[in-house]
Each structure stands twice: as C-alpha cells, then as structure tokens.
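In: sequence and predicted structure, then a few things I'm wondering about:
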Amino acid sequence: MAVAALEQEILSMRKRRQLYSLIGLLLVVAVLVSGYSKSNSMNSGGFIQGLSKFFDYPGEIVVEAFEAGPAFFSLMLQFVPAMLETLNIAAVATLLGGAMAVVLAMASTRNVDSWGPLIPVVRRIMDITRAFPELIIALFLIFVLGSSPVPAMIAVAFHTAGALGKLFSEVNENIDRKPIEGLSACGASWLQRIRFAVLPQVAPNYLSYFLLRLEINVRASAILGFVGAGGIGQELRRTIGWGKGAGDETAAIFVLLFITIMAIDQLSSYLRGKLVGSGRAH
Amino acid sequence: MTVDTLETPVTQALVWNQVRRRAWLTVVVPLAIFTYLVYTWFAFGVPELLSRAQPERAVILATDSVAYKVHVTKSFRDNEFEVAIEGERTATYDNAKVPDWVQLSGENGVVDLGDGYRVEIDGRTALFTIPGYGVVEGTATADGVETVLPAGPAPDWIKIDPRKLDVRPTLDRRLQVTKTKIEVHNYFGGWENFWFPFRSPLYGMSFSQLYALALSSDRMDPETSNIWFIVNEFLENPDWQHGKVLTALFETIMMAVLGTLTAAFFGLPLAFLAARNFTPSKLLRFGTRRLFDFLRGIDMLIWSLIFIRAFGLGPLTGALAIAFTDTGSLGKLFSEALENIDNKQVEGVRATGANQIQRYRYGVIPQILPVFVSQVLYYLESNTRSATVIGALGAGGIGLLLVETMKTSRDWENTSYIIILTIIVVILMDQTSGWLRRKLIEGK
Amino acid sequence: AEITEFRIGLLGGENASDRLRANECLREKTEELLGVPTKLFAPADYNGVIEGLLGGNLDMAWLGASGYAKVFLTDPEAVEPVLVKVNNDGSYGYYSIGFARVDSEINSLEDMKGKTFGFGDPNSTSGYLIPSIEIPKLGYSMKPGEYFSDVVFTGGHEQTIVAVFNGDIAGGVTWADGLGEWEDGYNSGALRKATDAGLVDMTEIKEIWRSPVIPEGPVVLSKKLPDDIKAKMTELMANLVKEDKECGYGVMAGEARGFEPITHAAYESIVAARKAKSE
Amino acid sequence: MSFFCNGPVALVAQHDEHNGQGWRVIQFQEVTKTFGSRTAVNKVSFNIEKPQMVGIIGRSGAGKSTLLRMINRLTPASAGQILFDGRDILSLKGGMMRRWQRDCAMVFQQFNLVPRLDVVTNVMLGRLNGHGTLKSLFNIFSQEDVNSALGALDRLGIAQEATKRAEELSGGQQQRVAIARALMQDPHMILADEPIASLDPMNAKIVMDALREIHERDNKIVICNLHTLDTARTYCDRVIGMRDGFLVFDGAPEALTTAVAREIYGADESFNEAATSTAIDAGQSGSRESAGAMTPAAAAV
Amino acid sequence: MSFFCNGPVALVAQHDEHNGQGWRVIQFQEVTKTFGSRTAVNKVSFNIEKPQMVGIIGRSGAGKSTLLRMINRLTPASAGQILFDGRDILSLKGGMMRRWQRDCAMVFQQFNLVPRLDVVTNVMLGRLNGHGTLKSLFNIFSQEDVNSALGALDRLGIAQEATKRAEELSGGQQQRVAIARALMQDPHMILADEPIASLDPMNAKIVMDALREIHERDNKIVICNLHTLDTARTYCDRVIGMRDGFLVFDGAPEALTTAVAREIYGADESFNEAATSTAIDAGQSGSRESAGAMTPAAAAV
Ligand SMILES: Nc1ncnc2c1ncn2[C@@H]1O[C@H](COP(=O)(O)OP(=O)(O)OP(=O)(O)O)[C@@H](O)[C@H]1O
Ligand SMILES: Nc1ncnc2c1ncn2[C@@H]1O[C@H](COP(=O)(O)OP(=O)(O)OP(=O)(O)O)[C@@H](O)[C@H]1O
Ligand SMILES: [Mg+2]
Ligand SMILES: [Mg+2]
Ligand SMILES: O=P([O-])([O-])[O-]
C-alpha cells in the first residue's frame, strides 16, 4: 500500500505549512514593528509621550460640554437641521448608488446567468468606481458645481455603486441556484428569474449591506462637509477648528453624530433580524 | 374549498388579500422612494445648481490636466519678457534659448501660435492676428487697456473690459492684456517636464539614451553613479516632485496597513466578548458592543483630529485613528461571524473530548478564518482609500498633497497625476487583497 | 535640559511640498546650529499646527495672530511669541478685504442685505476674526438671517475667492497687503495667489470693504524649550534675511525686511477679541 | 442476459401525430450529452407513445438527471433529437423554448422552490411564462391565478399552508408545493428528478401517490428518476434503466429482477438491496447470521 | 400487544463489573431529558451487557438523537443515570468528562467534520483529548498520530483522500472520515446518529459495513440511530424502538414485524414500508395493479 509514501507526503506537507504559517506570522509582526517604529519617528510627537496627553483634548471638550449644562441639549437641537442635511445626502446617495449597484451586480455574476461578455467589463467598471475616494470626486465637483450638498451626494453615490456592486455580486455568487433552475424549468424569462428566484434570496443580504453602507455614508457625508459639502461636517470643522470656546458645540455634534449612527445601526440589525430571522423556522 | 382544521382556516379571500397586499407593497415602496428622491431634488436645489453649473470649468480642467501651457509674459514693471512653462519660476526659459515659436528682440517680440495665429508685441501694444476674423489690437495704458477690434460685433471669445482684454479664439490660444502686462498662453498636449526638470542635463532625453547613459561609465556627476544620478534627478523634479509624492504614497499605505492590522489584532479577541454564544454575561456583551459602536460611530477623521493633540502630526496619528475606528467595525463583524458559526463542527470536535481551547482552535477558528482574512483584507483596501481622506484633512500622506494641489488649483496635471497614482494604488491594493483572499481561503 | 530633535510646523494654505521646499534651508540651518535632527511638518490647515504646539509636539512655528490667540487661550504656558515679520516699508500688517462680483451690483456692505456672506477658516484672523468683529461694528449683524441671509465658512481663503467668483455666495472676506494694483490681486495675499493660479479674473470682482490694519502673526517657540535653544533660534530667525536672502524669501513667502522681536503684549487686543468671540 | 443492451436500443417505428386519444408521442433519438471528455448520456433512444408513468433508475452518475434536464432544456444536449409531436424541442430558442419549458414541468429532488416566498406565490410562479414582464416584476398576479394555485394546493392536500413561507414547510410538503407549481404550469408532462430522495418514508409515499394520481387523473406523462427499485416497481408502468449514460433496460416493472437490478447498478453478488433501502430478497449482510427481513417473528421486550 | 411497554421497562439485574470477556456493562436508569415542557426522552432504562451492535429506531422527534447525545454528554440529561462500569457518567465533570467523551466516539448524520481542514487533520482531531493544549493550539501532531490516522483511513478505504480538504469529499467519504476520527479516539463504544441518512444506497452500505466491521473485529459496542427498518434488521444484533421519548420496543431484529414497526412509527394500516424504502411485505400502492416487488419476473427490453 502506498500509505507509507502518503505518510511522508503528509508529514512534509504539514511541515511546509507550519513553516509558511510561521513565515506569515513573522512577516506580520515585522510589518507591525517596523511600521510603528517608522511612523513613530515620522510623527512630530511620539507614541509614548502622547499616551499621557491622550485625554487632554477629549477632556477639554467634555469639560466644556459639562460646563454648558442644560444648554448642551439646546445646542444639540441647534445642529439637528445640519445633521438632517447630512442624513439626506447619505440617504439619497445610498439609494442611487444602491440602485446602480443592483444593476451592476446582476450584470456581473455568472451565477445569476448574466450575459457572459459583459461580466468582465462590468467588473472593471466596479473596480474603478470603487477605487475613487469620495473626497476626490467631491472636490472635483465642488470645483465645477460650487459648494452645495449635491457634489457630496454624487461623489458618495458614485463610490457606493462600485462598493455595493462588488458586495452584491459576492452575494449573488453564493446564492442557491435551485430556485433559479426551478423557475427556468417553468419557462420564466431572465428578468422574471432575477425578480422571483434571485431577489428574494439576496434581499436580506442586500438590505443589510445597504444599511451598513448607509451608516458608512452618513460618516462619509459628514466628512465631505469638511471640504465644503455642507451638513454637519461643515459645522464640525468650524467648531473643531475654533477649539476652546466651541468645545461644547463640538461635543454636541459628536453626540448627535454618534446617536444617529447608533440609531441606523440598531435599525439595520432590527430590519435584518426581521428579514432573515423569521425565515429560520427549521 | 376551505379545509377545516383547528387553526384559522386559509380561505381564498384570505390568500387573495395577502397576495394583493404584497403586490401593493411592491408598487408602493418604489413609489415612496421615488417621491423622496423628487423631494430631495428640490430640497437640494438641484435645478438651480444645474443652472449655475460651469461645465466649461470641467472642460478647462479636463484639458488642463492633459495639457500644459507656456506663458509668454511681458511685464511692464521691468519691461522684460519671460517665457515659462505654466508661468512657474522653476520652469523659466533662458531668454537666449526660448522655444522657436517665440522671437524676442529687446522690447518687441513675435509669438507664432500656429495655423496663422500670431501675436506681435510691440512695446505696450499687442497685435493678435486671427485667421478669418482680423487683427485685435490691445494697448496697455496707465489706467487700463485700449482695444481696437475689426469692424462688426465682437465675438463672444473676446472679453473687453476697460481694465482687461482677454482674447481666446481657440481653446489653446490666449492673449491677455492688462495695464501691467501682456501675456500669451500657448497650449501643448502632454505632461511637460514630467520626467526631468527643465534645467536638468537629462531634460528631453529618450528612454534609450537614458538607458545607454545609465550603463555608461562616464559619470554625469562624479559623486554618484549614473543610475543614481538619473533616479535622483527624477525624484527631485521640482515641478512634479516625484520623491515627495512617492514618500506620501508610502505614508498612506503604511497608515492603512498598520491601522488595519492593529484593528484586526484587537478586534478579534474583543469579538469573542461580544458574541452571544461565547460570552454568557449580558453586561459584558453589552459593554463590548457599545464600545464597538463608540469606536465606529466617531469617524476615523475625527479620531485623527483628536489624536493630533496627543501624538502630533504624521502617519502614526493616522494609523491609530484607523486602528481605533476599525477595531469597532471589525470587532462587530467578527462577533457577528462568531454568532453565525456552524455548531455542528464545534460539536464534532467536542464529542472527541476536546477542551475549550481545542474546541475554539479546531471548531471555531477554521470557520471564522475565511471571514477574518477576507474582512481584514477588504478593510485594508478600503482603508487605503480612507487614509487618503484622513490624510487630506489631518494626518498627511498622499491625501494632503492631493487636497493642497487641488485647493491651490495650481496645476491640474499635478492633481491628476496624484489622483491617478492614488487610484492605481487603491486598485493594486484591491487586487492584491483579492488575490490574497483567494489564495488564503480557497487555495492551499 | 537637552533636546533630541527640533520640530518646525508650517502653516497651511499653500501646497505642502512647496512649503517644505521653501523651508528646507531653514531646516538645514537649524540642524547645523542646534546639532540635533530637525524636521518640518506641514499639516492641512491652521489647526494642525496649533494642535501640534498645544500638544508639545512642535517646537517652533510661524502663526497667524488669531491662531496665536487660540494657542494662548487654550494653554498660556504652551508657546511664547518671539518675532514678527516686517515688510519692506517697515510696516507689519495686512488687511482683511471684503469683495463681491462686479455684475452682482454690490458696491458695499449696504448692498449685501439678505445675501449670503462667506468667511474662510475659523482660525484665520483676516478670514474670520477681524471681519466678524469689525463688520457688526458698522451695524451689520453677523448672526445668520439677521442682516445677511446666511453666514457660512468656506474653509479657507481660496475657497472664499472661488465661491464668490462662482456666485455661490454674494460676498466674502480674504486677505491682501493692499499694496499694488487690484487687477493683479495686489502685491501679495490670497487674491494674488488666486490670480496667479488663474482661478479668478480680478476684473470680475471688486472690493467692497477693508478692515483696519491687522498685525502679522508671530513666530512662536515652545516655552518648554531650554533657554539657550530659544535664544539661538530667535537669533537665527532674526538674522535670516541678512545672512541668506534667498532663504529668507522662501521662509517669509516673499520679499520682506526681516523678522523683528515682538512680545505677547502686541497681541493682547487680538487675544481679547478672540476671547470675546468664544464666550 | 438477453434483455440488456449496452448500446442504444433499436428505434421503434415513428407514429405520425397524435395517437388515438389525442395523445402526442415523444421520441428520443440518440440523445447524447458530453461534459468535457465524460459522456453523461450516450445515444439514448426510446419513445413514449401513450401517457405512461415512466421510472428511470440507475446508480448515481448514470445520467438520469442529465437526461431529464435535457428534456426540459435546462442542460443543452450535445447531440441527438427529442421530438415532441414531430417537432425537435432541442432546437427551440428564446420564447419558444421557455414556452416548451412551461409545457414540461420539472420537479426536483431539492424541490427548487423559492424558500423565502410564500407557498401560494411559489405555486403561481408556474404561470410566469404567460405573464408580461412588467406585471410580474411588480408581483402582480390575478385573482384567477390565486384561485388555481389554491386549487392545485388543495388537490395535494396542503391548501392550509398556502400563506406560509416555503422554507417553513417540511420536505414532503415542499415537494407537494413543487408539484402544485408543476400543475399550475398546465404541462403536457411532468418530469420528476428523484422527487422522494430527500424525504422520509411517510412523505415519500404521499408524494409518489400524488404523482401517480396526477398521471392517472389528468392522463399526463410522468417521467420520474428514482433511486429505489421498489418505488419504481410499485408506481411505474414502465421502467428504464441507465448505466454509465447508456440505456440498458426498458421494460415493465415486473421484468426488474434482482439480477437485472444488479446489472443496472453494476454491483457484484455482495450488493444487497435489502441492506439499504430496496426490497427484493432477504438481505444477508456479510458475516451476519440472519437478518430475517422477510420473516416477521415475535418480538420480545 | 404484549411486547410493548409504554413506560420504562423493568430493570435488569445489575452486573458488578466486567463480564466474562473483560467486557463492561452499560446501564441506562430512567434517563430523562426535558426541553422546557417537552419531554424528549422519558425515563428510558435498558442495559447493554455484551458488545452488541444496537440499532435505535423511531420516527422523527422520538428522542433518538437526544438519547445518544446524552451518552456522549453533548446534551445534559435532566434526570436518571447512565452507569458505565458502575460509574455514573452523567455526573462526570471537566477533564473526566472529556475523557469519557473520548471513550464513546460519536458519528453524526451530518458528519460534523471541519470542512476546511484536510482529512488527515480531521481524523487526528480524535486524539485531541490526549494532547496538551499548547501543542494542539499550534496544530502540532506527532508522526505517530499521522501514522494511526492514515491507518484508520486505510481501514476505511479512503487513505488516498488524506490530503484533500474534508469539504471536497462526497458524503459517503466524509462519513467514513468521521468514522476514522471515531476510531482514532480508540473508544469503548461508537455512537452513530443516523450515519447513513444523508447518503445514497451504495455509500450507505459501505458505511454500515464499516461500522459492522468495527463492531465485529474490535468487539466494540456500536449504538446506531437508524431511520430505515431494514438497515436495522440487516446490521443490528438488537433493536430498540422509541416513540415520543419512551422506549417502546427492545428485542432481536427478527421481532420487528410490520405490526411492531407500525406501532413504533405510529402509522395506520395504510402505511406501507415497501413503497418507500423498507422491505417487509409486498407493497400494494393505491390503485396500482401489481408492483411485484417480491416476485422477480423476466424482464424484457
Ligand atoms: N454540469 C456538469 N459538469 C460536468 N459533469 C457533469 C455535470 N452534470 C453531470 N455531470 C456528470 O455527468 C454524469 C451523469 O450525471 P447525472 O447527474 O445525470 O447522474 P444521475 O444519474 O442523476 O446521478 P445522481 O443519482 O447522483 O443524481 C456524472 O458522471 C456527472 O459527474
Ligand atoms: N435543543 C433542543 N431544544 C428544544 N427541543 C429539542 C432540542 N433538541 C431536541 N428537541 C426536541 O426533542 C424531541 C426529540 O428530538 P430528537 O432530535 O432526539 O429526535 P430524533 O428521534 O433524533 O428525531 P430525528 O429523526 O428528527 O433526528 C423533539 O421533539 C425535538 O423537537
Ligand atoms: Mg441526479
Ligand atoms: Mg435525530
Ligand atoms: O490668520 P490669517 O493669516 O488667515 O489672516
């Protein structure tokens, strides 16, 4: 029997694998150690010295917020319109980007019978749209369209299309083809198969990615405010920039932003639970 | 056809209602979304924005990013001519060696813009010959500009103002006259001076020449070998600053790699604390989850702004900001993955009499490893992008370079250069992480 | 006390790599003088340098007046002002300039009623602090919706200029030395830079307001530095133009007579103004 | 063994159109399917001339599924023809092909329902082929569709489950939903690919009874891949045996002796149906003394 | 029916230690498991006094899996005792309990392998109990472990697949890997929870043969949940029937008549094993004329 030979093969394979794992581990450690020491020396401050000052700035904000007392809540209220604007930017961008992403995903997955020649083309398109940081597009559009929420929205939507498109197509990759076959066998057309065999399967995952993206996009939209796209980010830039004296406002914005993200997060897991959870009877 | 059982009987009407309600929902949800979009269309003032949009800026920007212009300037302050690429001090031609489409003789000069377009500068007067239209004459006076046009209505590519004359008959030819100077712009395609600075001895050499030079033992600079000399000249190019750009790019990648790895390193153990099936204590779980929310909820950028006070400026700040935020994101993802593991495998290992740690090692880790690796790699790619953003607004790196070239609108080709590099790096990171993912998860 | 390195912060507003290049000579001189490694840091906005100084992560910087006030107000023990830039004509000041589009038929603040007004960076003296104090003195409230329909921050001098030029906002403020011709964007300042970059056409905008003269910001040193280092650096900076004209041009972003000593007293009024704003 | 042919069986004379009862003939002519170098179905020819219930048996990989999938056009054939009513259904394209798919309903081993949709919608999906795309995209079905779907479900005894999600049902119920969907298509024939392989004995019986009932009442062809011989024997009018892609047996269920079965399954003498799931003779497993499968004896506690 | 008891069966006199051949007795004493208000296993008592191959049958939900899982301590019992060698294994804790788990290897319906690990590692996992934590953390196994794992795989005829990932194997192969893992534990007994329910007939036979062979050669107890009666009849020395948590039958396979089976499965007269997968009497399905399951007849092509 060739078992003896097999044994040798297995032993050497295991050794090799252990060696690879060791090398991989050492590599990661090396990257971490050298990277941190390099960036520590490139920074104007150091990590060790910095730790003692870690709470200086947060402390400053907290103290001011505390001193503001009950007025803090009215400060928060005062920023609600800006927060809503940011939310709107994020929501519209996610909706538009998400819709694009669905189209892109359906056109680029073999598993849902996308048209073959189109697949690599659409995939490259997604790679490129995904690679563009929102900031670049936003700055460019602000240059052309002027300061307003719209450039931020387009920028975020553009990026979202690529990012979600990729995730969606990965979801498509993993669906059960049986229902598709079932519908093919009934003589359903491609669109009908997508609608009834693919969408119901992917909807919970799509929705959960969508909501996850919404959360990311709220933050992205807030940040684009820093470069002139309006919303809460613009306010935040002002208050952070002003520093002492505006710490209570900064804190109010942080809290508002945090609450919003939390709310979206909770909503997202609630909706996901509702969509995926109830189907788990067996 | 009602079938009677103890449960509420399913009747035709009931089913029909349910089907109709579902159909109604499928119609109403898209409609609601559409209505919302229409609302925001007006709330954001899109129509007004579109009316104010300046598409020509996009055109300028697009052409400028693939073209460069040479300024021929006559300044009346010192009555001197200056020929410079993009009007930059570092790329000024020696007045004895100006390009052959410029002829200078003391006070006067002739600029041949090709296809019959010509500008003659005579003292304080510029004569612009435009084929098919005639000659536009602009004279700088003590308090403005005097313009003489051919008869007939002025075309819209001529802007006449008592203080300034601006003539741009084609996109790539332009004359401006003010009381202080006469300036002619001649546009050319490509990225001028990309490889070597204007004054470098290597300027204008072809690749084969460079190759030969690199191998030759005649040293351009007695101090270093030719190879190094060439590399150095390239990196030190003052217009394109390749060296600075590459360093910045490296900083950005370093931020992303360090931040992501650190986040993964802390996120994984914390995830166990947040997973229902691993941590029975509700309080601990709740605490860990809220910690994740907190870390994630405050954006990376804000973390980096907060960290500047403690750690100063530089990539460390960026890396820590990424690490903080993504400990939250990855921790949350991992804990979800942990909650979704297939218990069969754990049970199989458990039934052999394995202890807790062994069960984790063989029943749990192999299951979440793919999620772990793929999420970490995914975040690595996404953080490369984020690092440009937080860099732009705080931590440095390629993002800072980008925003500053963009903000000062100095040269769109520099901006495009940085954008292209950034995108190439992000795509490379994306492909590498995809490759690694496939290799680590499917391969072996 | 000994130091192991010396860190210089460069204020935002210009291309980072240009700033680094222009200050490279200063870095070399410092390294030579102090005998320790010297690094330059060029963050994106005013706040980066300010935070660096506050955290003790920068040793020297050249601040704007309002920026200095912020550092002082946050932590009076962080830095001390030592020098100020003096122009060729002996003055050390510049102006905040309000401007609007020619075709908007706005000729003064009087015509801005019900229109949008734009500031630049909140830490800018000319782009925010001074106009936000001086303009209300003339009777035009700076509260959004009271006199102006809205008051926004564009983020920086360039953005203000572009926003006004594009018509996104009706008017805004930026800085200039007020010398030379309007058509050139004056001799120096943000308008000049924007003109040189081809961002705006000065003939399409016009000046509608000008502030009283604003003092140049100080060169500051961290108070934690040993006295001998402070003395050495002050001397180096003070003699920069004399000893190396080219380097001085780069560090001071143009021609100037040089740096001259100054103390905190010169900025009392700005500090007070900023403090009043914070309340 | 004379009744085995290792190549294609001889072609039966072709009938021209319908037979007496308005029935159409379906003819397989050297139908072949190759996957790369592997021939899954090898020149299979046979006819079905009256509404029979046909069972196809054969070991795993024999080509049973592939054959059925070729009929429904889920898998393209490599060579050969399948004539229905004289028309080659393998050359149909686009809408015509989908029309044909509607006409030969398929029932799968894994049911292939859409698990997250409710039962009645799943059944109504059988009508998609007749619907406009836009209408179906918005999930709009007519009341008539709902009624016939409920009718089909009722016929299979699961109308009560109509509003549940398909995934909430047991395997047997799901398979009945799949059959209801097939009925909804109002097909000429029903193809069932191991319809009971994932079911427990009780449910398997219910499902097979349902298929038989449809065959008998509606007079439809039912072609059924089976992996248990006795099921084929019990329910089918005709059994086709496949081995390595070839049709190796075609005859009445009575002709399916143990020896024949061994031949079809390519098993040697030690192969014992009884040991697993079929029932021909008393099982003698390895060294065991007596399994007594056939001889009920008194049980003692 | 005298041989049915709807409560616990009477306790058999307890043997003190090993029996003649050094064999140890295993005793179930009123073993009970409740999930909330549902009693999955209800006061089950029986003894195994010699290395038997025991089959447990009963319909879905009867409590078969729960019983097995209690033995292996995967599910904690609610009441009762299981004595092995006189020691109550239900009260073992920590290392002792894990030691016991190693001694009674478990084989699952879904194999419960670690799909992403290679086959040989999966098998070696059976040795985890003997290993130091640190060593196993770094996936370090000795050459001897590799050797015995290969031996076990070879015995089950799948040594060739040793380097593949478990997920790449077919169901039957995976189940054999699971059995090899069980062998690797060198257990006193093997518990198999529907080991062939996800397998096709051929693979099912291979797996059952392997279990039988282990039982016979190594003289180990094998307790096997089964859902097909004839498998139990063919392979087991003793069959235990469960219904609704109660032990309702315990006897030789010969005692398992159709009537008994009906009683265990709670099925009425219309329940017909032959139609699906077992083999007691000739199946008469609904309206069909004759299935001829028991009467092999000449086949015609
Ligand atoms: N898509 C495919 N690609 C490659 N080979 C295939 C494919 N589908 C089937 N085959 C091969 O064709 C042969 C016949 O497969 P088929 O599924 O028709 O067998 P079967 O009789 O239905 O077996 P089972 O009982 O396992 O379902 C097998 O050898 C199989 O490996
Ligand atoms: N973890 C659990 N929680 C609650 N109820 C359970 C649990 N596990 C089993 N049960 C219930 O206990 C009863 C017995 O289940 P068990 O799995 O032992 O049955 P079984 O005979 O193995 O059935 P099957 O053939 O379906 O595997 C069932 O009613 C089941 O619903
Ligand atoms: Mg098949
Ligand atoms: Mg079970
Ligand atoms: O502080 P400023 O230099 O922007 O006036």
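Out: Thanks, I have it. Ligands and ions are numbered 1, 2, ... in the order given.
In: and the helix or strand hosting C:Glu32, what does it pack onto?
Out: According to DSSP states H and E, C:Glu32 maps onto helix C:24-34. Packing contacts for helix C:24-34, counted by 3 or more CB pairs under 8 Å, 6 or more residues apart in numbering or on different chains; DSSP states H and E, involve strand C:6-9, strand C:38-41, helix C:227-238, helix C:245-251. C-beta coordinates here come from the backbone N, C-alpha and C atoms, glycine included.
In: show me the contacts for C:Ile262.
Out: By CB atoms under 8 Å, 6 or more residues apart in numbering or on different chains, the contact list for C:Ile262 reads C:Pro81, C:Val82, C:Leu83, C:Val84, C:Pro218.
In: what about the residue nearest to the last one when sequence neighbours are not counted, how many residues close to it?
Out: If the residues on either side of it in the chain are set aside, C:Pro218 comes closest to C:Pro81, at 3.3 Å by CB to CB, 6 or more residues apart in numbering or on different chains. Neighbouring residues of C:Pro81 were enumerated by other CB atoms under 10 Å in any protein chain shown; the total is 22.
In: any bit of stretch D:90-108 sitting next to chain A?
Out: Yes. For stretch D:90-108 and chain A, the contact criterion (CB under 8 Å from any CB of the partner chain) is met by D:Met97, D:Arg98, D:Arg99, D:Trp100, D:Gln101, D:Arg102, D:Asp103, D:Ala105, D:Met106, D:Phe108.
In: pretty sure the fourth one belongs to a helix, no?
Out: It stands for D:Trp100. Yes. Looking at D:Trp100 with DSSP: H, G, I helix; E, B strand; the rest coil, it is inside a helix.
In: quick check: it vs D:Phe108, distance?
Out: Look at D:Trp100 and D:Phe108: by CB to CB, to the nearest Å, they are 18 Å apart.
In: the more surrounded of the two?
Out: Using other CB under 10 Å, the more surrounded residue of D:Trp100 and D:Phe108 is D:Phe108, with 25 against 21.
In: that one contacts A:Ile180, doesn't it?
Out: No. Using CB atoms under 8 Å, D:Phe108 is not in contact with A:Ile180, being 11.5 Å away.
In: what about the stretch 151-300 of chain D, any weak spots by pLDDT?
Out: Low-confidence segments of the stretch 151-300 of chain D (pLDDT under 70): D:267-300.
In: what are the buried residues along the one helix or strand B:Leu284 maps to?
Out: For B:Leu284, the host element (DSSP H and E) is helix B:282-297. For helix B:282-297, the buried set under the neighbour-count rule, 16 or more other CB atoms under 10 Å in any protein chain shown, comprises B:Arg285, B:Thr288, B:Arg289, B:Leu291, B:Phe292, B:Asp293, B:Leu295, B:Arg296, B:Gly297.
In: centre of the chain versus it, how much separation?
Out: Distance of helix B:282-297 from its chain centroid, counting by CA atoms, centre = their mean, to the nearest Å, is 34 Å.
In: pLDDT of that helix, averaged?
Out: For helix B:282-297, mean pLDDT is 89.
In: from the buried residues of helix B:282-297, pick the one nearest B:Asn343.
Out: Lowest distance from B:Asn343 to the buried residues of helix B:282-297 (CB to CB) belongs to B:Arg285, with 18.4 Å.
In: could you report the separation of that closest one from B:Glu339?
Out: In terms of CB to CB, B:Arg285 sits 11 Å off from B:Glu339.
In: intersection of neighbour lists for those two?
Out: Applying CB under 8 Å, 6+ apart, one finds that B:Arg285 and B:Glu339 are jointly contacted by B:Ala275, B:Arg276.
In: which residue, other than its chain neighbours, is closest to whatever residue of the stretch 1-150 of chain C ends up closest to ligand 5?
Out: Residue nearest to ligand 5 within the stretch 1-150 of chain C: C:Gly64 (2.7 Å; CB to the nearest ligand atom). Nearest non-adjacent residue to C:Gly64, counting by CB to CB, 6+ apart: C:Gly217, 4.0 Å away.
In: same check on D:Met184?
Out: Nearest non-adjacent residue to D:Met184, counting by CB to CB, 6+ apart: D:Gly126, 3.2 Å away.
In: before we move on, what about B:Val389?
Out: B:Val389's closest residue in space is A:Leu135 (CB to CB, 6+ apart), at 4.8 Å.
In: check that neighbour and give its pLDDT.
Out: A:Leu135 carries a pLDDT value of 84.
In: got the CA positions of whichever strand or helix holds it in CSV?
Out: A:Leu135 is part of helix A:134-145 when elements are defined by DSSP H and E. Extracted in CSV, the C-alpha atoms of helix A:134-145 (Å, rounded to 0.1, in the frame of the first residue of the first chain):
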residue,chain,number,x,y,z
GLU,A,134,-15.3,60.2,-2.4
LEU,A,135,-13.1,63.1,-1.4
ILE,A,136,-11.6,63.4,-4.9
ILE,A,137,-14.9,63.3,-6.7
ALA,A,138,-16.4,65.8,-4.2
LEU,A,139,-13.6,68.2,-4.6
PHE,A,140,-13.7,68.0,-8.3
LEU,A,141,-17.5,68.5,-8.4
ILE,A,142,-17.3,71.3,-5.9
PHE,A,143,-15.0,73.0,-8.3
VAL,A,144,-17.4,72.6,-11.2
LEU,A,145,-20.8,72.9,-9.4
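In: contact partners for residue 160?
Out: Went with chain A since none was named. A:Thr160 touches A:Ala93, A:Thr94, A:Leu96, A:Gly97, A:Gly98, A:Met100, A:Ala101, A:Arg213, A:Asn217, counting by CB under 8 Å, 6+ apart.
In: can you look at chain B instead?
Out: B:Ile160 neighbours (CB under 8 Å, 6+ apart): B:Thr147, B:Leu149, B:Ala154.
In: buried ones among these?
Out: Using 16+ other CB under 10 Å, the buried ones in those are B:Thr147, B:Leu149.
In: closest to E:Gln52 among the contacts of B:Ile160?
Out: The nearest one, if we look at the contacts of B:Ile160 relative to E:Gln52 and count by CB to CB, is B:Ala154, at 110.6 Å.
In: disregarding residues adjacent in the polypeptide, which is nearest to that closest one?
Out: Of all residues not flanking B:Ala154 in the chain, B:Ile160 sits nearest, at 6.4 Å (CB to CB, 6+ apart).
In: what's the helix or strand for that neighbour?
Out: Using DSSP H and E, B:Ile160 sits in strand B:158-161.
In: run the chain-centre distance for that strand.
Out: Per CA atoms, centre = their mean, the centroid offset for strand B:158-161 relative to its chain is 36 Å.
In: so after it, what's the next helix or strand?
Out: strand B:164-170.
In: for ligand 5, tell me whether the helix or strand the residue nearest to C:Pro218 falls within is touching it.
Out: Assigned by DSSP H and E, C:Pro81 belongs to strand C:79-86. No. Using CB under 6 Å from any ligand atom, strand C:79-86 never reaches ligand 5; the gap is at least 11.1 Å.
In: okay, now the sheet partners of that strand, with direction.
Out: Applying DSSP bridges, strand C:79-86 is found paired with strand C:218-222 (antiparallel), strand C:258-261 (antiparallel).
In: buried ones in that strand?
Out: C:Val79, C:Glu80, C:Pro81, C:Val82, C:Leu83, C:Val84, C:Lys85, C:Val86.
In: which residues touch it?
Out: So strand C:79-86 is in contact with C:53, C:61-62, C:68, C:71-72, C:92, C:215-223, C:230, C:233-234, C:237-238, C:252, C:256-264, C:266-267, going by CB under 8 Å, 6+ apart.
In: just the buried ones from the residues you listed, in ChimeraX syntax?
Out: Restricted to buried positions by 16+ other CB under 10 Å, the ChimeraX selection for those reads:
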select /C:53,61,62,68,71,72,92,215,216,217,218,219,220,221,222,230,233,234,237,238,252,256,257,258,259,262,266,267
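In: done for today, thanks.
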